[in-house]
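Have a look; sequence and predicted model below, questions after that.
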Amino acid sequence: MTSPTIAYVVKRYPRYSETFIVNEILAHEAAGLNVHIFALRPPADTHFQDKIAQVRAPVTYVKKPTAGRVNPSLTSLRPTAASYFWAELQEAAKVIPDIWSKLDYAVGERASVVYQAAWLAQAIRQHGITHLHAHFGTVATNVARLAAHFTDVPYSFTAHAKDIFHESVEPADLRRKLRDAATVITVSDYNVAYLQQQFGADTRTMQRIYNGMNLQELHYQSPIRRCPRIVSVCRLVEKKGLSVLIEACAQLQQWHCEFTCQIVGTGPLEAALRSQITALNLDDWVEIVGPRPQGEVFDLMQQAAVFAAPYVIGQDGNRDGLPTTLLEAMALGTPCVATDVTGIPEIIRDGVTGLQVAQQDVQGLATALERLLSQPELRETLATQARSLIETEFDIVRNTAVLRSCFQSRPAVVPQLQEV
């Protein structure tokens, strides 16, 4: 008998910024779990992390409604999206004869979701998949939820940040997914409390499991003798607070503090941030270096005296949960300054595992950065205690073992369609 296979369902694969998913899959494979990755879209990034090549799991791109051939019985019809949709349902019915009686579960879903779920349901049967796990409670989970229902296979998903807090989140849609999942994972205690407050009993299966770190590749180095450099690694988007960091660097320059700052990453705000740097006459102090492979990112982190995480709540409600790069910096021995947004205070405990400042507080951020740039003993103390916290709470071997136990469970009662 072949070992069970877990399907990972994601919107795009691979993605440069989602190393936590790659790390998770690699840890599962190291533990002997069979994984098959299903992506709803092809990759859109131009840069990828080297470790993607280590993943053994096959990757299948779920067919879109406008792709493929029309069922021969429909050749008299013009091949519209509707005919493709109908043809796919008929193909699915050959593998899942009772799919017709289950379509009421799709009420409220977009036609493209139903189409991809029908296609994925066939793949679930063909590959002997026993559980579906999606990342982010958005379209990937919509597809996984329906495909799981069509095939009587349980599903779970991990909710992160944008899929919880962004203004585009539809409460009724998220409630369906929370209610119907065998298990819901989220990445911070803050997220758990928020979702419980918003959705009550529909969060009954929720667990907090921190994103794990592969501590075998994150070697601690003392920060006590590092040059006065600030580093920040992130996508160049509003919620990362980089405009606040650049203003804080202007304050450091006015104080005649010795420093340089490297911003690693790319994103839609790059041009605006470069203009801000130039307008503040910071070109000799602040540099946007673009995306880098993960190994080089780790080197840049360990050359810096401080990691800056000036995250904010965006105007659209979007915010970070627990950013992977912040955890990596803590593991590598780079002391961190971070804001008090969402779950970050769970790991950046002010004066213990890092320095915490309020979001949008330019003066407070500059003061905290100056403290770490100028006090090597403080850097050492905070970095040592941060590494200890990472080892205790964020070991990927331990955390993914907990996650795998969720894949083996089924809900006691299959949820029924309810009004929302």
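Structure received. Nothing here was measured: the structure is a model prediction, and the numbers come from that model.

Please make it C-alpha for all contacts and neighbour counts, starting now.
Will do.

Tell me which stretches of the chain form helices.
Using DSSP state H, the helices found in the chain span residues 19-30, 81-95, 111-127, 139-151, 162-165, 171-180, 189-199, 242-254, 270-279, 294-303, 324-332, 362-374, 376-393, 396-407.

which residues are contacting the last one?
So the one you mean is helix 396-407. 6, 23-24, 27-28, 131, 133, 155-156, 183, 209-215 (CA atoms under 8 Å, 6 or more residues apart in numbering).

buried ones in it?
396, 397, 399, 400, 403, 406, 407 (16 or more other CA atoms under 10 Å).

how about CSV for those residues, with pLDDT and distance to residue 278 added?
Below are those laid out as CSV (pLDDT from 0 to 100; distance: CA to CA, whole Å):
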residue, pLDDT, distance to residue 278
396, 96, 41
397, 97, 45
399, 97, 44
400, 97, 44
403, 97, 46
406, 93, 50
407, 92, 51
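
any chance of the residues you listed in JSON lines, with distance to residue 91 too?
As requested, the buried residues of helix 396-407 are exported to JSON lines (distance: CA to CA, whole Å):
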{"residue": "396", "distance to residue 91": "40"}
{"residue": "397", "distance to residue 91": "40"}
{"residue": "399", "distance to residue 91": "39"}
{"residue": "400", "distance to residue 91": "36"}
{"residue": "403", "distance to residue 91": "33"}
{"residue": "406", "distance to residue 91": "31"}
{"residue": "407", "distance to residue 91": "28"}
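
Can you tell me which of these is nearest residue 201?
residue 406 (18.9 Å; CA to CA).

Residue 206 versus the closest one, what's the distance?
Residue 406 sits 10 Å away from residue 206, taking CA to CA, to the nearest Å as the criterion.

Are there residues contacting both of the two? Which ones?
With CA under 8 Å, 6+ apart as the test, residue 406 and residue 206 both reach residue 183.

Would you mind measuring from the residue lying closest to residue 372 once chain neighbours are set aside to residue 305?
In space, and not counting its chain neighbours, residue 372 is closest to residue 379: 5.8 Å by CA to CA, 6 or more residues apart in numbering. Distance from residue 379 to residue 305, counting by CA to CA: 8 Å.

who touches both of the two?
With CA under 8 Å, 6+ apart as the test, residue 379 and residue 305 both reach 223, 224, 334, 335, 372.

Disregarding flanking residues, what is the spatial nearest neighbour of residue 19?
For residue 19, the spatially nearest residue (CA to CA, 6+ apart) is residue 49, at 7.5 Å.

Wait, that neighbour touches residue 20, no?
No: counting by CA atoms under 8 Å, residue 20 is not a contact partner of residue 49; they are 11.2 Å apart.

before we move on, back to that, which of residue 379 and residue 305 has more neighbours?
Higher neighbour count among residue 379 and residue 305: residue 305, with 30 against 26, using other CA atoms under 10 Å.

helices or strands up against the helix or strand of the chain with the lowest mean pLDDT?
Least confident helix or strand, the chain: helix 81-95 with a mean of 89, by mean pLDDT, DSSP states H and E. Secondary-structure packing of helix 81-95 (3 or more CA pairs under 8 Å, 6 or more residues apart in numbering; DSSP states H and E): helix 111-127.
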